[in-house]
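K.L.:
The sequence and its predicted three-dimensional model are supplied below.
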Amino acid sequence: MEPIPVQIGRYVVESLVGAGGMGQIYKAHDPDIRRTVAIKLISTRLMSSVDRSEYVRRFRREAEAAARCAHPNIVAIYDYAMHEGQPFLAMEFVHGMSVRQMIDERPMAVPDAIRVMLEVLDALASAHEQGVIHQDVKPANILLTQQMRAKVTDFGISRFANTDITSISSSMGTPNYMAPEQCRGGPVDHRADLFAAGATLFEMVAGERAFGGRSSAEVTHHIMHDRLPLLPAAVRSKAPRLQFVLERAMGKQPEDRFHSGQEMAEALRQILGTLAAEAPDKMPHPSAGMTATFVMPPAVATGQSAPPVSSPTAARAQGPSPIDSGTLQMLEQKLVPYLGPIARVMVRSAAGRAAGVEALCAELAAAVPEGSERESFRREVAPLLRMRPPAVEDAPSRGSIGSFHEPELERAQRALTQYVGPIARVLVRRAARETSSIDGLWQALSMHIELPAERAAFLRQRHD
């Protein structure tokens, strides 16, 4: 390793805080205005003259992009210059850790993850208004201060909208978070950043990537062709609407996504508001569990992306819905007063998974805030359920489903029917396909019972 320089430009180097194939990150002191800075020094010595010229051009663009995006949730760039023929940036020194490091330890609580993402979206919206597209939004490029304030960093491959640029940059980024059009090397706009924000939020709460694989080719194939996997059951039960927000954010076509960071943020604020209303005393303090070590993004410190990990269990491929378009439109109309504009994407997305209208209505009801609103929605769709014949998949099974025999399922169904009515049959069979133990089955079913006392009484029947 090269010796640590005493000085870079006018900055007095104090220590090395990160190193990798593309360069080093130093903690340094600016003697002119007496503040601590982070220095990103890039090594281009092993590049050809053509590659070096292109890289220096892109590196300078990072400084230009970040500098014109002054925002409290964007790492500030103070200076760009050359040191012994190598480019460097002087930027804000952030005390904290990256989202990458945080979720490597454990997934984030849904409210905390949403709060962080709201700040990220605010930063991206500001950048987009300046015509800047980040193109590499990911957990490693989101730093968290000790107060859990998000700081988006590493605009190293960002581009200006409406400017000439080679096709190379449109395909740059970290594969697991790239939008389909970015994977293809096609033109991108701000909605590619919203796709990456959705992929990042999925990982923040799920603890694993939405689209993984053993190679970049495998990852990009999943992104371009596979449906977004379901969030873990515990996350869906906590925030049912989050799955639908992520599915819209990560639409395969740009026009299927949110139109802006502000629009995506509003959908997330609705979820956060619902969580606060349902459990105001259980909302964790935003700074709980934070550590106080300084970390720069691993992509800068190591010069390479983190290796891909396996994706969650693949969701069922979306096929033709067994529910007619008229019914779907009617459900959209009934759901809009409760959930607003996102009702349409929720209905269409859930319809691709549901075996029939009963299962669809049950999933949509779970997305409506608990209490009088949910009961009101159930009453409104009850006539629709009475009009519809049962779907083929909902017909009683004479053998077994998954790991369970029919007598076990019938027992659970009888117990659940006391609390949710005839829809119990659909819920039991759906849960049987998603769980592998009898205790897991009963716990999953208990999530459909609203009152805690009734939920406990239902679970006691498991051992009666």
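P.N.:
On my side now, so go ahead.
K.L.:
Any idea which residue is closest to the centre of this structure?
P.N.:
Central residue of the chain (Cα atoms, centre = their mean): residue 201, 2.0 Å from the mean position.
K.L.:
pretty sure that one contacts residue 113?
P.N.:
Yes. Residue 201 lies in contact with residue 113 (Cβ atoms under 8 Å); the separation is 6.1 Å. For glycine as for every other residue, the C-beta is placed from the backbone atoms N, C-alpha and C.
K.L.:
any low-confidence regions in this protein?
P.N.:
1, 20-22, 45-47, 50, 62, 156-173, 278-322, 341, 384-402, 450 (pLDDT under 70).
K.L.:
Now the closest residue to residue 359 other than its chain neighbours: which helix or strand?
P.N.:
With Cβ to Cβ, 6 or more residues apart in numbering as the criterion, residue 359 has its nearest non-adjacent residue at 4.8 Å, and that residue is residue 426. Assigned by DSSP states H and E, residue 426 belongs to helix 424-434.
K.L.:
If you count neighbours, what's buried in that helix?
P.N.:
424-432 (16 or more other Cβ atoms under 10 Å).
K.L.:
what helices or strands is that helix leaning on?
P.N.:
helix 357-367, strand 400-401, helix 406-420, helix 438-446 (3 or more Cβ pairs under 8 Å, 6 or more residues apart in numbering; DSSP states H and E).
K.L.:
Same list (these) but as JSON lines, adding mean neighbour count and distance to residue 12.
P.N.:
Formatted as JSON lines, the helices and strands packed on helix 424-434 follow (neighbours: other Cβ atoms under 10 Å; distance: least, Cβ to Cβ, whole Å):
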{"stretch": "helix 357-367", "mean neighbour count": "23", "distance to residue 12": "55"}
{"stretch": "strand 400-401", "mean neighbour count": "14", "distance to residue 12": "68"}
{"stretch": "helix 406-420", "mean neighbour count": "17", "distance to residue 12": "68"}
{"stretch": "helix 438-446", "mean neighbour count": "19", "distance to residue 12": "58"}
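K.L.:
which one of these lies closest to residue 331?
P.N.:
With Cβ to Cβ as the measure, helix 357-367 is the member of the helices and strands packed on helix 424-434 nearest residue 331 (6.6 Å).
K.L.:
helix, strand or coil for the residue nearest to the centre of the chain?
P.N.:
helix (DSSP: H, G, I helix; E, B strand; the rest coil).
K.L.:
Now do the contacts for it.
P.N.:
Residues near residue 201 by Cβ atoms under 8 Å, 6 or more residues apart in numbering: 113-114, 117, 246, 249.
K.L.:
That one and residue 451, how far apart?
P.N.:
Going from residue 201 to residue 451 by Cβ to Cβ, to the nearest Å gives 31 Å.
K.L.:
Ok, residue 124 next?
P.N.:
For residue 124 relative to residue 451 (Cβ to Cβ), the value is 41 Å.
K.L.:
between those two, who's got more neighbours?
P.N.:
residue 124 (30 against 11; other Cβ atoms under 10 Å).
K.L.:
ok, the more buried one - contacts?
P.N.:
Counted by Cβ under 8 Å, 6+ apart, residue 124 has contacts 134, 137, 152, 190, 193-194, 197, 261.
K.L.:
Tell me if I am right that it is in a strand.
P.N.:
No. If the criterion is three-state DSSP, then residue 124 is helix and not within a strand.
K.L.:
Start the count at 58 instead of 1 going forward.
P.N.:
Happy to do that; since the first residue is 58 now, the last one works out to residue 181.
K.L.:
domains of the chain?
P.N.:
64-149, 153-359, 376-445, 453-521 (automatic domain parsing).
K.L.:
Out of the contacts of residue 258, the closest to residue 427 would be?
P.N.:
residue 171 (18.1 Å).
K.L.:
what about the closest one, which helix or strand?
P.N.:
helix 167-186.
K.L.:
what about that helix, distance to the chain center?
P.N.:
For helix 167-186, the separation from the chain centroid amounts to 11 Å (computed by Cα atoms, centre = their mean, to the nearest Å).
K.L.:
List the buried residues in stretch 312-328.
P.N.:
314-315, 317-318, 320-325, 327-328.
K.L.:
Columns distance to residue 436 on top of the buried residues of helix 481-491, output as JSON lines?
P.N.:
Listed next are the buried residues of helix 481-491 as JSON lines, based on distance: Cβ to Cβ, whole Å:
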{"residue": "481", "distance to residue 436": "18"}
{"residue": "482", "distance to residue 436": "20"}
{"residue": "483", "distance to residue 436": "18"}
{"residue": "484", "distance to residue 436": "18"}
{"residue": "485", "distance to residue 436": "23"}
{"residue": "486", "distance to residue 436": "24"}
{"residue": "487", "distance to residue 436": "22"}
{"residue": "488", "distance to residue 436": "24"}
{"residue": "489", "distance to residue 436": "28"}
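K.L.:
what's the closest of the residues you listed to residue 242?
P.N.:
residue 487 (39.8 Å).
K.L.:
Pull the number of nearby residues for the nearest residue to residue 127 once chain neighbours are set aside.
P.N.:
Leaving aside its chain neighbours, residue 127 sits nearest to residue 133 (7.1 Å; criterion: Cβ to Cβ, 6+ apart). Neighbour count for residue 133, taken as other Cβ under 10 Å: 18.
K.L.:
Next, give phi and psi for residue 133.
P.N.:
Per-residue torsions, residue 133: phi -80, psi 140 (degrees, to the nearest 10).
K.L.:
my guess is it meets residue 147, correct?
P.N.:
No. Using Cβ under 8 Å, residue 133 makes no contact with residue 147, being 9.8 Å away.
K.L.:
Now the helix holding residue 171: buried residues?
P.N.:
Those would be 167-185, for helix 167-186 by 16+ other Cβ under 10 Å.
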